[in-house]
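Q: Sequence first, then the predicted structure, then my questions.
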Amino acid sequence: MIKPEVSIDRIPTGKLLMIHPPYVHFSSEVKHFIKDESPFLPLGPLYAGELLECMGVAEVEYFDCQLHDLRSKSDIDEYDSFGISVMGAQNIMPAFQIYSYLAEYVSPSKIYIGGQSVEKLTPDEFVKIFPGANQVSRASLPVDMDIVLSRQIDKLPEEELRTYLSDEVTLLLSQGCMYGCSFCGAQNRQVESFYNTKDNLEYLLGKAKEFGINRMSMYCTSLDFFQQALPGGNLNTLAGKLKEIIQLQEKYGIKLKLRALTRADSYNAAAESTEIWNLVKEAGFVKFGFGADGAASIEVLRAMRRGTTNLKSDIIKAFEHTQIHGFIPEMLYVFGIPEDTEETLCATKDFCSELLRKFPNSQYRGFPAKNEIPGNSNWKNEKWKQSSAYQQLLSNPILFLNLGFETLVNNISHPDQTKRKLVNRYAIEMSYIAHESGRVQSYLTVPIMETDGYELMDEKSFERFREIIKIYIPDISKSLTLRDLPVHRAEINRFIPKDR
């Protein structure tokens with residue numbers, strides 16, 4: 001049994017209901033419940049639940065708001081505590097909705113909220129958003145990368161588990177990245193550490209075989225899959241993980257389709273190893289997402305603190321390798337930071353368009369920047385803390401929806417309207433180009449507005465945006481105007497495909 005190294009005063013105890021929030025655009029902005037047709041297995045709550053039970057302080061049950069309406073649960077008053085797991089900044093919004101609902105029936109002191117975005121809030125920020133609740137940080141729980149989640153997953157109804165395994169599943173592989181990109185809110189500036197991939201994967205494959213599933217899609221947790229190929233790393237560690245994945249597929253007769261994120265420089269370094277690439281192919285990897293942010297401009301690259309000045313050439317070299325070896329390369333591109341200008345945004349569009357033209361197997365995954373999010377270095381900036389946008393977020397947590405990586409920039413992320421419209425113009429143009437080629441993997445959603453759509457874009461950009469919307473919601477697009485965009489915002493966002 002794991003022994004707690006800190007006081008248990010700040011962690012949930014007793015009979016605990018661990019709640020996973022719904023997709024932000026399926027949240028209680030609408031009166032009726034929307035069941036998510038492509039839910040993912042919520043590993044965050046399961047991981048925390050296993051740690052708590054290993055400590056002997058809680059008996060954990062789970063409730064997934066992707067699949068069920070919390071309002072239908074009639075025994076709320078039977079639990080001693082409630083946990084809510086929050087990952088991305090935008091998910092503070094549905095977490096706030098869940099907190100608000102629970103607080104109508106139980107004391108907020110029974111509610112415990114943690115996860116990547118929430119734990120990086122200061123205590124003052126947290127109490128303004130979740131008054132009376134408890135903020136849980138990773139430091140409150142023992143670190144155990146060797147943990148196996150089988151005991152917790154066994155608690156899930158068979159129907160739910162079958163649904164999760166039929167969709168893309170997150171594969172616990174590693175966490176940590178040595179770099180510190182300014183826009184990133186993940187576990188950066190950390191040495192990579194590895195999970196117990198073998199035992200967790202073996203459990204999932206065993207369950208899949210029980211259900212008659214012979215093919216599975218998985219997304220690796222690694223922030224930079226090939227970082228062990230960089231100086232100071234050990235590729236043998238990665239090779240060992242790949243061999244485990246291969247052996248388990250053979251043992252259970254299940255074919256995996258895998259994808260992962262990587263930096264271009266680490267990918268190119270790993271490409272020097274024939275053994276690694278043979279293992280990568282045999283393991284079932286088909287797609288790699290490359291962080292291309294800032295590649296089109298040295299000035300922007302430096303402002304983002306990407307740790308390289310050769311990204312553009314590294315990206316092209318990596319894409320050439322993927323084309324030769326039959327992998328799908330994705331360009332993950334965050335753009336629209338304060339240092340961006342019309343010139344750099346135009347260069348970004350040209351570079352992304354060039355990659356789509358030159359590499360017919362490539363896919364576009366672009367994200368309008370949210371420069372300040374809980375967990376990144378910009379969030380701590382004193383000028384940001386004094387801004388009206390920051391105060392609005394704390395006083396109205398629903399606005400955290402506007403910090404979604406897929407959302408068009410808005411009055412919260414880009415208070416200057418001229419810059420806001422410029423960034424959205426290029427975001428829409430690049431998305432339109434990618435849609436035309438049929439190789440888009442990121443989808444723009446509509447933020448909450450103060451007035452109407454004119455605060456987001458001009459008529460020319462709107463015509464392009466409406467053409468994109470028409471693909472998914474043809475009926476609404478016919479009569480949609482910038483004036484009534486706020487009226488249809490929530491409905492549009494529900495039909496726009498989820499970025500996965």
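A: Structure's in. What do you need?

Q: Compute the number of surrounding residues for Lys243.
A: When neighbours are counted by other Cβ atoms under 10 Å, Lys243 registers 14. Quick note: C-beta positions are derived from backbone N, CA and C, even for glycine.

Q: now the helix or strand harbouring it, how far from the centre of its chain.
A: Using DSSP states H and E, the element containing Lys243 is helix 235-252. Offset of helix 235-252 from its chain centre (Cα atoms, centre = their mean, to the nearest Å): 26 Å.

Q: And the closest residue in space to Gln228 that isn't next to it in sequence, how far from Glu53?
A: Excluding its sequence neighbours, the residue lying closest to Gln228 (Cβ to Cβ, 6 or more residues apart in numbering) is Leu238, at 4.7 Å. Note on Leu238: its distance to Glu53, by Cβ to Cβ, to the nearest Å, is 31 Å.

Q: Compare those two (neighbour count), which wins?
A: Using other Cβ under 10 Å as the criterion, Leu238 and Glu53 rank with Leu238 on top: 25 against 17.

Q: got a pLDDT number for the nearest residue to Leu301 once chain neighbours are set aside?
A: Spatial nearest neighbour of Leu301, chain neighbours left out: Gly294 (3.7 Å); criterion: Cβ to Cβ, 6+ apart. The model reports Gly294 with a pLDDT of 84.

Q: Doesn't Gly294 belong to a helix?
A: No - applying DSSP: H, G, I helix; E, B strand; the rest coil, one finds Gly294 to be coil, outside a helix.

Q: Report how many residues lie close to it.
A: If you count neighbours by other Cβ under 10 Å, Gly294 ends up with 30.

Q: and if you look at Arg483?
A: Arg483, neighbours per other Cβ under 10 Å, totals 11.

Q: For it, list the residues it contacts.
A: Asp452, Gly453, Tyr454 (Cβ atoms under 8 Å, 6 or more residues apart in numbering).

Q: Next up, phi/psi of the residue most central in space within the chain, please.
A: The centroid of the chain falls nearest to Gly88 when counting by Cα atoms, centre = their mean (5.8 Å). When read as degrees, to the nearest 10, the backbone of Gly88 gives phi -70, psi 160.

Q: wait, Ile98 sits on Ile19?
A: Yes - with contact defined as Cβ atoms under 8 Å, Ile98 counts as touching Ile19 (5.9 Å).

Q: And the two? Which one has more around it.
A: Ile19 (26 against 23).

Q: List the residues that contact the more buried one.
A: Residues in contact with Ile19 (Cβ under 8 Å, 6+ apart) are Pro45, Tyr62, Phe63, Cys65, Leu70, Phe82, Gly83, Ile84, Ser85, Ile98.

Q: What about the residues you listed, which are in strands?
A: Those of the contacts of Ile19 mapping onto strands are Tyr62, Phe63, Phe82, Gly83, Ile84, Ser85, per DSSP state E.

Q: got those residues as CSV, with distance to Glu343, pLDDT and neighbour count columns?
A: Output for the ones in strands among the contacts of Ile19, formatted as CSV (distance: Cβ to Cβ, whole Å; pLDDT from 0 to 100; neighbours: other Cβ atoms under 10 Å):
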residue, distance to Glu343, pLDDT, neighbour count
Tyr62, 50, 98, 20
Phe63, 50, 98, 17
Phe82, 50, 98, 24
Gly83, 47, 98, 27
Ile84, 43, 97, 28
Ser85, 41, 93, 25
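
Q: Just give me the closest of the contacts of Arg483 to Ile245.
A: Closest approach to Ile245 among the contacts of Arg483 (Cβ to Cβ): Gly453, at 46.6 Å.

Q: quick one: the residue nearest to Gln228 and Tyr252, what's the gap?
A: Note on Leu238: its distance to Tyr252, by Cβ to Cβ, is 22 Å.

Q: follow-up on the earlier one: tell me the residues that contact both of Ile98 and Ile19, please.
A: Contacts common to Ile98 and Ile19, judged by Cβ under 8 Å, 6+ apart, are Cys65, Leu70, Ile84.

Q: can you pull the buried residues of the helix or strand harbouring Arg494?
A: For Arg494, the element it lies in under DSSP H and E is helix 485-495. By neighbour count on 16 or more other Cβ atoms under 10 Å, the buried set for helix 485-495 is Leu485, Pro486, His488, Arg489, Ala490, Ile492, Asn493, Arg494.

Q: wait, which of these is closest to Val191?
A: Taking Cβ to Cβ as the measure, Asn493 is the one of the buried residues of helix 485-495 closest to Val191, at 38.0 Å.

Q: Now that the closest one has come up, it's in contact with Leu444, right?
A: No - counting by Cβ under 8 Å, Asn493 stays clear of Leu444, with 9.7 Å between them.

Q: Which SSE is immediately downstream of the worst-scoring helix or strand of the chain on mean pLDDT?
A: When each helix and strand of the chain is scored by mean pLDDT, DSSP states H and E, helix 298-303 comes last, with a mean of 77. Remark: after helix 298-303, the chain's next helix or strand is helix 311-325, criterion DSSP H and E.

Q: Show me what that next one is in contact with.
A: So helix 311-325 is contacted by 264-265, 267-268, 271, 277, 281, 288, 290, 292, 294-296, 301, 308, 327-329, 331, 351, 355, 358-359, 361-362 (Cβ under 8 Å, 6+ apart).

Q: In helices, which of those appear?
A: If you go by DSSP state H, the contacts of helix 311-325 have Ala264, Asp265, Tyr267, Asn268, Trp277, Lys281, Leu301, Phe351, Leu355, Lys358 in helices.

Q: hmm, which of these are the buried ones?
A: Ala264, Asp265, Tyr267, Asn268, Trp277, Leu301, Phe351, Leu355.

Q: Of all pairs in those residues, which one is the farthest apart?
A: Most distant of these, by Cβ to Cβ, are Trp277 and Leu301, 27.5 Å apart.

Q: beta partners for Leu258?
A: Met218, Phe285 (DSSP bridges).

Q: who touches the nearest residue to Gln116 once chain neighbours are set aside in this structure?
A: Spatial nearest neighbour of Gln116, chain neighbours left out: Met87 (5.1 Å); criterion: Cβ to Cβ, 6+ apart. By Cβ under 8 Å, 6+ apart, Met87 lies in contact with Gly44, Gly115, Gln116, Ser117.

Q: circling back to that earlier point, contacting residues around the helix holding Arg494?
A: By Cβ under 8 Å, 6+ apart, helix 485-495 touches 25-26, 29-30, 34, 445-449, 451-453, 456, 469, 472-473, 476, 480.

Q: Any regions of the stretch 201-350 of the chain where pLDDT drops low?
A: The stretch 201-350 of the chain contains residues with pLDDT under 70 at 306-307.
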